[in-house]
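A.B. asks: fold the following, please.
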Amino acid sequence: GGGGDNWERWEFGEESFIDAALSDAARAEATDAPPAPVLGGAVAYDEGIQVLTKFVSEERLEKMTKAVDQRSGRARFVIEDPVNPSNAWACLRTLDSFGVQYVDVITNPENYRDNAENQRYRRVKTAMGTQKWLDVGKHESAANCIQDLKADGWRILATDLSPTARPIDEVEWSSFDKYAVVLGNEERGISQEMRDLADECFYVPMRGFAQSFSLSVSCAVLSAHLNCLGSLHPGSLAAEDRARVLFSWMLDSVKGGREILRRGGVDIPKNRPP
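C.D. replies: Presented below is the predicted three-dimensional model:
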């Protein structure tokens, strides 16, 4: 069913389900259809959505549609070398709640060398790969990540406590067409490489003895601040990206979805784009 508890459990990590409201007639209709040809490797998102709609309850589809209509295509977050998988996971939940669709996670193997850090590295990568609602880009160096984002027109703003960083209130967020906020490592902050690559560095002024927030709190504070400014730009996904995201969510929620699509006339490559 579509109860809140079931939705929450599935939201960040259990096995995909098929809706309890699925009708036998709808399944038979899709399964009995003739096999579909491969569409040149291209994903017909709208056609796929039309086929899968029969297998998702109205309540669940309404929730997915409402969420995708509020997703941002102009603000994204980058997490550099997180130490604690739970903190990174908490960031993903926060970003999902604020409608941020795109997240990049940098896990440079050079920074996870000893046994304990190597265990963290594997756990972080596992955690990033099991969430279901966000597009998470995975990178092994700051240079690869930031160069790709800049080539795509993203402005890079990194959280930092260095003397050259300026208070968050002095950043002209409304002047950016699209931007990426970089959150540093819980123990060391951003790397010098990231500092050199960023277009700007900023910090949240503190009024107590602590100099900085934890990673997950920083993510929440920044998201809330940007949301209050109207700078998260909800509803700014491009039409094709909106269709792709909704299609991906629906496909992940329907057990046997790929076979149902194939029988319904839409075939997709196994390694579909993220």
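
A.B. asks: quick one: neighbours of residue 170, just the number.
C.D. replies: Neighbourhood size, residue 170 [other C-beta atoms under 10 Å]: 9. (Glycine included, C-beta is placed from N, CA and C.)

A.B. asks: where does it land on pLDDT?
C.D. replies: On the pLDDT scale, residue 170 is placed at 97.

A.B. asks: which residue sits closest to it, ignoring its sequence neighbours?
C.D. replies: Counting by C-beta to C-beta, 6 or more residues apart in numbering, residue 170 lies nearest to residue 202, which is 7.5 Å off, once chain neighbours are set aside.

A.B. asks: again with residue 139
C.D. replies: Among residues not flanking residue 139 along the chain, residue 145 sits closest, at 3.8 Å (C-beta to C-beta, 6+ apart).

A.B. asks: can I assume the residue nearest to residue 170 sits in a strand?
C.D. replies: Yes. Under DSSP: H, G, I helix; E, B strand; the rest coil, residue 202 falls within a strand.

A.B. asks: surely the residue nearest to residue 139 and residue 151 touch.
C.D. replies: No. With contact defined as C-beta atoms under 8 Å, residue 145 does not count as touching residue 151 (11.1 Å).

A.B. asks: pick out whichever of these two has more residues nearby.
C.D. replies: Counting neighbours by other C-beta under 10 Å for residue 145 and for residue 151 shows that residue 145 has the greater number, 24 against 8.

A.B. asks: sec struct for that one, please.
C.D. replies: Per three-state DSSP, residue 145 ends up helix.

A.B. asks: name the element residue 136 belongs to?
C.D. replies: strand 135-139 (DSSP states H and E).

A.B. asks: same question for residue 249.
C.D. replies: In the assignment (DSSP H and E), residue 249 maps to helix 239-253.

A.B. asks: for that helix, buried residues please.
C.D. replies: For helix 239-253, burial by neighbour count (16 or more other C-beta atoms under 10 Å) applies to 241-251, 253.

A.B. asks: return that helix as CSV; C-alpha atoms alone will do.
C.D. replies: Extracted C-alpha coordinates of helix 239-253, given in CSV (Å, rounded to 0.1, in the frame of the first residue of the first chain):
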residue,chain,number,x,y,z
ALA,A,239,11.4,19.1,-19.3
GLU,A,240,13.5,16.1,-20.4
ASP,A,241,15.2,15.8,-17.0
ARG,A,242,11.8,15.9,-15.3
ALA,A,243,10.6,13.1,-17.5
ARG,A,244,13.8,11.1,-16.9
VAL,A,245,13.7,11.5,-13.1
LEU,A,246,10.0,10.6,-12.9
PHE,A,247,10.6,7.6,-15.2
SER,A,248,13.5,6.4,-13.1
TRP,A,249,11.5,6.7,-9.8
MET,A,250,8.6,4.7,-11.3
LEU,A,251,10.9,2.1,-12.8
ASP,A,252,12.6,1.6,-9.4
SER,A,253,9.2,1.2,-7.7
